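Below are the sequence and a predicted model for it; my questions follow.
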Amino acid sequence: TMVQIRALGEPKDFLGIEIKRDRVAGTITISSEAKVRALAVQLEVKGSRRTTPMSPETYSGLRGAQPGEPMADTVAYQRAIGSVQHLVETTRPECALPTAALAAFAAAPTRTHWEALLELVGYLGNTAGRGITYGRKSRTVQFWCDANFAACLDTRRSTTGWIVAMYGGAVSW
């Protein structure tokens, strides 16, 4: 049997990733606005006016559960971290570091971890329309790398982050 091929036009959505093409400007933007808004509604988080995904004070204060510390619902925490991780892996690279930091505590999250996660979702909700824009220019591959020195309070290990960009937008991180 022969399968008939038909043109469906420009893609507007691919597995929940919204695709916007501006032919005049020569750009393509991918975002996950609907998924971000749905996550914020699901977790009952209102958008926050934050300008960064996580404050340096919150990040530097993350540590494992201490005896007697109030714990969060592990399953709800893991579900929310998984949702945020999906957003990070597809269209929100600026949230990679705080998401990875919070995911490290998924086995035994505390209320402090949960509140930091809700703060991150609040940032995402406030910036839901952001995504990655690729253009015609800047064809050269750009690579940035950085590390924090022994920032983990529990293990004194460092975290390395990197990003690769091409055509003005992130392609790997």
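Looks like it came in fine. These numbers were taken from a predicted model, which means no experiment stands behind them.

Could you list the low-pLDDT ranges of this structure?
Scanning the chain for pLDDT under 70 picks out the ranges 47.

Could you measure from the spatially most central residue of it over to residue 99?
For the chain, the residue sitting closest to the mean C-alpha position, by Cα atoms, centre = their mean, is residue 88 at 2.9 Å. For residue 88, the distance to residue 99 (Cβ to Cβ, to the nearest Å) stands at 5 Å. Every C-beta, even on glycine, is put in place using the N, C-alpha and C of the backbone.

on that earlier part again, is the residue nearest to the centre of the chain in contact with residue 97, as I believe?
No - using Cβ atoms under 8 Å, residue 88 makes no contact with residue 97, being 9.3 Å away.

residue ranges of the strands in this protein, please?
Counting by DSSP state E, the segments of the chain that form strands are 13-14, 17-22, 27-31, 131-134, 142-148, 159-166, 169-172.

Serialize these to TSV and add fields for mean neighbour count and distance to residue 64.
Conversion of the strands of the chain to TSV gives the following (neighbours: other Cβ atoms under 10 Å; distance: least, Cβ to Cβ, whole Å):
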stretch	mean neighbour count	distance to residue 64
strand 13-14	10	38
strand 17-22	14	34
strand 27-31	19	34
strand 131-134	19	33
strand 142-148	11	18
strand 159-166	14	16
strand 169-172	15	30
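
With distance to residue 3 added, can I get the ones you listed in TSV?
Below are the strands of the chain laid out as TSV (distance: least, Cβ to Cβ, whole Å):
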stretch	distance to residue 3
strand 13-14	21
strand 17-22	24
strand 27-31	28
strand 131-134	31
strand 142-148	41
strand 159-166	34
strand 169-172	32
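
Nearest to residue 45, out of these?
Ranking the strands of the chain by proximity to residue 45 (Cβ to Cβ) places strand 27-31 first, at 18.5 Å.

Each with direction, which strands does the closest one pair with?
Paired neighbours of strand 27-31 in the sheet (DSSP bridges): strand 17-22 (antiparallel), strand 131-134 (antiparallel).

what's near enough to touch residue 148?
Residue 148 is in contact with 158-159, counting by Cβ atoms under 8 Å, 6 or more residues apart in numbering.
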